[in-house]
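**Student:** give me a 3D structure for the following:
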Amino acid sequence: MKFDIGLHAKQAVVYNDTKRLKALCCGRRWGKSRLQVVSVFLRCLTFQGNVGATPEVILAAAPTFVQAKKVLWKPLVKLFEKFPDAKINHADLRITVPGKPDIYVMGLENYDGARGLRVYSAHIDECQDIRPGVLDTVVIPAMGDTPNSQLLATFTPKGKTNWLYGWCQNPDVRLFNFPTSSNPFVPAEEIERMRSLLPPRLFRQEYEASWENFEGQVFSSFDEGANCYDWAIPAGTMSEWLAKTGLPPGVAYMGIDWGDVNPAYVVVVNSGTEFYVTEWVCLGDGKNAVPTTQFYGALVGACKRWNVHRSFADPSRPAALMDLKRVGQLHSVAGLMRVVEAKNSIAPGNSLLDSLFHQKRLSVPRGRPAEQLQSYVRQPLSGGSNVFTDKIAPGQYDHCIDALRYCLYTLDVRNKGLIGIVNGDSHAPWS
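**Tutor:** From the prediction side, this is the model:
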């Protein structure tokens, strides 16, 4: 029986290396997940030992169950379903081949599930996002009494303050570092296109697999001269705004940040391939709770003024989201009737916004929005340090920034990453 499981040259170098602990730091689209799937498959079928009373297993894992099922489980099923003797347990995400180690696929958000296993081969994808200490206290100890055991950890770097950078300095770990360009199946012109779209630091991290230090300012590509405009129309309408700007007809979206004392929303108009923030509103004095009816009334008014197509709300309050749908129905406001739970991945969302600033495709009114974007910073590694973590510093006035991220990042996720790419045509209304 033949299988198309070919590895490109650099993937083969990593697979064939016999070091017990291997770490692969590579750029996007290098093929790390494919390498993990193929490695699991081959490590299982080439196993030469005897499966005893306490059998060896192969662990294939990702930071979350959802990631593990999508990225590892489904491709493994496609490979092993061609074997008539293989038993595929979809409920437990477990594959059994007679005389070989069982394969367990799991998410490491509940890493206690890996305790007690006798691991022959461990394959951890997107390792930068698992909790610090899981490799050293759970995974590697599970390999301790298993002959010929191996660990392959694959990841894209996430800054020198991420725990994985220090872990890779361990002399027992063999680190492989490859840029996207070492994958012969990724066209060079595609890499150059992404170089033009991403801020330099982000490109080096994502495509050159470089361990970058985070800058203090989150939106390092924000330029007041390039990303601000002076023709805002307070409490204006879509028709007034278009008449004043002379821009092509646009479609409006809303981002909503609940808050008790500072609820906020932004309205973003997509015109052509560009995005313009037309309302940047935070209610309240930061001390006293804002009545829900007042906030909902403001959202209804903004949706009517701009004919908002869809809203994206802070996912922390599902009940409030359902209330907002009912408010939309009561007032016949489509933008609120279509409100959905926003994606709240902070670092990727902020990277998208910074990329749009870099591309000069995201503009905000001059004044308070620009001031808040410029002062939005990461948390220092320690007091007075000029080295920053990827965490956002606490205590910032970032309610509208959160609302903007909810809106554009969720649009990007729902539309498979097309928001952050210049493709020459407007696809509005986005879903």
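
**Student:** quick one: contacts of the helix or strand containing S39?
**Tutor:** Using DSSP states H and E, S39 sits in helix 32-45. Contacts of helix 32-45 with the rest of the structure, by C-beta atoms under 8 Å, 6 or more residues apart in numbering, involve 5, 7, 11, 14-15, 24, 26, 58, 60, 71-72, 75-76, 79-80, 95, 97, 100-101, 103, 120-121, 123, 125, 150, 152, 154-156. Just so you know, the C-beta spots here come from the backbone N, C-alpha and C atoms, and that holds for glycine as well.

**Student:** just the buried ones from those?
**Tutor:** When the contacts of helix 32-45 are checked for burial by 16 or more other C-beta atoms under 10 Å, the buried set is 7, 11, 14-15, 24, 26, 58, 60, 71-72, 75-76, 79-80, 95, 97, 100-101, 103, 120-121, 123, 125, 150, 152, 154-156.

**Student:** list the contacts of E279.
**Tutor:** 265-267, 302, 306.

**Student:** also A393?
**Tutor:** 377-380.

**Student:** with Y376 instead?
**Tutor:** With C-beta under 8 Å, 6+ apart, Y376 has these contacts: 217-219, 392, 396, 398, 401.

**Student:** in helices, which of the contacts of E279 fall?
**Tutor:** Mapping the contacts of E279 onto helices (DSSP state H) picks out 302, 306.

**Student:** dump the contacts of E279 to TSV, plus pLDDT.
**Tutor:** Converted to TSV, the contacts of E279 look like this (pLDDT from 0 to 100):
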residue	pLDDT
Y265	97
V266	97
V267	96
A302	95
W306	94
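
**Student:** look at the residue nearest to A342 when sequence neighbours are not counted and report its pLDDT.
**Tutor:** Spatially, and ignoring its direct neighbours in sequence, A342 is nearest to Y406 (3.5 Å; C-beta to C-beta, 6 or more residues apart in numbering). Looking at Y406, its pLDDT reads 97.

**Student:** any idea which helix or strand carries Y406?
**Tutor:** Element membership for Y406 (DSSP H and E) is helix 399-414.

**Student:** so for stretch 12-29, mean pLDDT?
**Tutor:** 95.

**Student:** and it, what's buried?
**Tutor:** Buried residues in stretch 12-29 (16+ other C-beta under 10 Å): 14-15, 21-28.

**Student:** and those, which of them are in helices?
**Tutor:** Cross-referencing the buried residues of stretch 12-29 against helices under DSSP H gives 14-15.

**Student:** any chance of the buried residues of stretch 12-29 in TSV, with distance to S182 too?
**Tutor:** Shown next, in TSV, are those (distance: C-beta to C-beta, whole Å):
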residue	distance to S182
V14	11
Y15	15
L21	22
K22	16
A23	16
L24	11
C25	12
C26	8
G27	8
R28	12
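
**Student:** need the max-distance pair from the buried residues of stretch 12-29.
**Tutor:** Maximum pairwise distance among the buried residues of stretch 12-29 (C-beta to C-beta): 23.9 Å, between L21 and R28.

**Student:** pick out the residue nearest the middle of the protein.
**Tutor:** Closest to where the C-alpha atoms of the chain average out (C-alpha atoms, centre = their mean) is P348, at 4.6 Å.

**Student:** that one is in what secondary structure piece?
**Tutor:** Here P348 is assigned to helix 346-358, by DSSP H and E.

**Student:** do the same with T389
**Tutor:** T389 is part of strand 388-392, with elements assigned from DSSP H and E.

**Student:** can I get that strand as CSV, trimmed to CA atoms?
**Tutor:** The C-alpha trace of strand 388-392 is given here as CSV (Å, rounded to 0.1, in the frame of the first residue of the first chain):
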residue,chain,number,x,y,z
PHE,A,388,8.2,44.0,27.1
THR,A,389,6.0,40.9,27.3
ASP,A,390,3.2,40.2,24.9
LYS,A,391,0.6,41.1,27.6
ILE,A,392,-1.2,44.4,27.6
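
**Student:** which elements pack onto that strand?
**Tutor:** strand 378-380 (3 or more C-beta pairs under 8 Å, 6 or more residues apart in numbering; DSSP states H and E).

**Student:** name the helices or strands packed onto the strand it packs on?
**Tutor:** Strand 378-380 is packed against strand 388-392, with contacts defined by 3+ C-beta pairs under 8 Å, 6+ apart.

**Student:** what angle do helix 399-414 and the strand it packs on make with each other?
**Tutor:** Angle, strand 388-392 to helix 399-414, by axes from the mean of the first three to the mean of the last three C-alpha atoms, to 10 degrees: 90 degrees.

**Student:** could you give the mean pLDDT of strand 388-392?
**Tutor:** Strand 388-392 comes out at a mean pLDDT of 80.

**Student:** now the helix or strand containing A243: buried residues?
**Tutor:** According to DSSP H and E, A243 maps onto helix 238-245. Neighbour-count burial for helix 238-245, counted by 16+ other C-beta under 10 Å, picks out 238, 241-242, 245.

**Student:** nearest to L202, of those?
**Tutor:** Of the buried residues of helix 238-245, the one sitting nearest to L202 (C-beta to C-beta) turns out to be T245, at 29.5 Å.

**Student:** enumerate every residue touching that closest one.
**Tutor:** Contacts of T245 (C-beta under 8 Å, 6+ apart): 229, 231, 276.

**Student:** by neighbours, which of those wins?
**Tutor:** Highest neighbour count within the contacts of T245, by other C-beta atoms under 10 Å: Y276, with 22 neighbours.

**Student:** can you give me the pLDDT of G236?
**Tutor:** 77.

**Student:** that's a helix at it, yeah?
**Tutor:** No - under DSSP: H, G, I helix; E, B strand; the rest coil, G236 falls outside any helix and is assigned coil.
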